[in-house]
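[1] requesting a structural model of the entry that follows:
(chains A and B)
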Amino acid sequence: DVKVTQSSRYLVKRTGEKVFLECVQDMDHENMFWYRQDPGLGLRLIYFSYDVKMKEKGDIPEGYSVSREKKERFSLILESASTNQTSMYLCASRPMGEGMGTEAFFGQGTRLTVV
Amino acid sequence: AQKVTQAQTEISVVEKEDVTLDCVYETRDTTYYLFWYKQPPSGELVFLIRRNSFDEQNEISGRYSWNFQKSTSSFNFTITASQVVDSAVYFCALSEGNSGGYQKVTFGTGTKLQVIP
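    Residues are numbered from 1 along each chain as shown, chains lettered A, B, ... in the order given. Here you go, the predicted structure:
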């Protein structure tokens, strides 16, 4: 059974803390994504990576960075957490070579609260 | 720019009723894919179906059916005889283009479906 695993389901962090959200996939997919999900706004792309050490900004990258040192792992970093980053964060992966018609596989999400 | 609109924010139906979730998209590409995903309370989005822009055949899978109409840029999803387990948030998504090996996917804002027993 294919799997995308996010390290935490729930996190509570303080304003100003550096926060790491971890995502691991076991499908050998080239593409990995971080989305943020907010009520009424749907899923918004923060960053994506199409290869190890490669990253591209999505639609809302401000306040975030990412790291992809190994193919199976994609980390989202909040350099200095703020209350407006309280949200549900979803990681996804997708193979590269099968084109735009390939579905993405999602993790279970991390609900982050910044206080 | 691509856009996906799910105008229905929340829908409530009584069990066994039929329900249709609307999805309208915008794209300048002639080649693209449309998807539906289900997000149950557990949080993980689950893929339901994909359709490419050259295939306007409707599809039925059990109680689920999809109506793709390019003329109205719509890809609607119908659940027949709804069940409580259908309660979830449903997302429509559009995949197009190929920029540096990445195919951009745009999600709608989702429709929350509540099926009341």
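
[2] which strand residues bridge the residue most central in space within chain A?
    Against the mean C-alpha coordinate of chain A, by CA atoms, centre = their mean, the closest residue is residue A:34 at 2.6 Å. Residue A:34 forms beta bridges with residue A:47, residue A:91, as assigned by DSSP bridges.

[3] check which element follows the helix or strand of chain B with the lowest mean pLDDT along the chain.
    Taking mean pLDDT, DSSP states H and E as the measure, chain B has strand B:102-107 as its least confident helix or strand, at a mean of 76. Sequence order places strand B:111-116 as the next helix or strand after strand B:102-107, per DSSP states H and E.

[4] how far off centre is that following strand?
    Remark: strand B:111-116 is offset 14 Å from the chain centroid, using CA atoms, centre = their mean, to the nearest Å.

[5] same for that strand, what does it pack against?
    strand B:10-14, strand B:19-21, strand B:88-99 (3 or more CB pairs under 8 Å, 6 or more residues apart in numbering or on different chains; DSSP states H and E). In short, each C-beta sits where N, CA and C put it, glycine included.

[6] residue contacts, residue A:103?
    A:94, B:35, B:47, B:50 (CB atoms under 8 Å, 6 or more residues apart in numbering or on different chains).

[7] buried ones among those residues?
    A:94, B:35, B:50 (16 or more other CB atoms under 10 Å in any protein chain shown).

[8] how about the contacts made by residue A:53?
    Applying CB under 8 Å, 6+ apart, the residues contacting residue A:53 are A:68, A:69.

[9] let me fix that, I meant to ask about residue A:7.
    Taking CB under 8 Å, 6+ apart, one finds A:21, A:22, A:23, A:24, A:110 in contact with residue A:7.

[10] to what extent is residue 8 buried, counted in neighbours?
    Since no chain was named, I'll use chain A. 14 (other CB atoms under 10 Å in any protein chain shown).

[11] that's the wrong chain, I wanted chain B
    Residue B:8: 16 neighbours (other CB under 10 Å).

[12] which residues of chain A score low on pLDDT?
    Within chain A, the ranges that satisfy pLDDT under 70 run A:1-2, A:97-100.

[13] what do you get if the cut-off is 80, keeping everything else the same?
    A:1-2, A:96-101 (pLDDT under 80).

[14] and the strands in it?
    Ranges of strands in chain A, per DSSP state E, are A:4-6, A:10-13, A:19-25, A:31-38, A:42-49, A:56-57, A:64-70, A:73-78, A:87-94, A:105-106, A:110-114.
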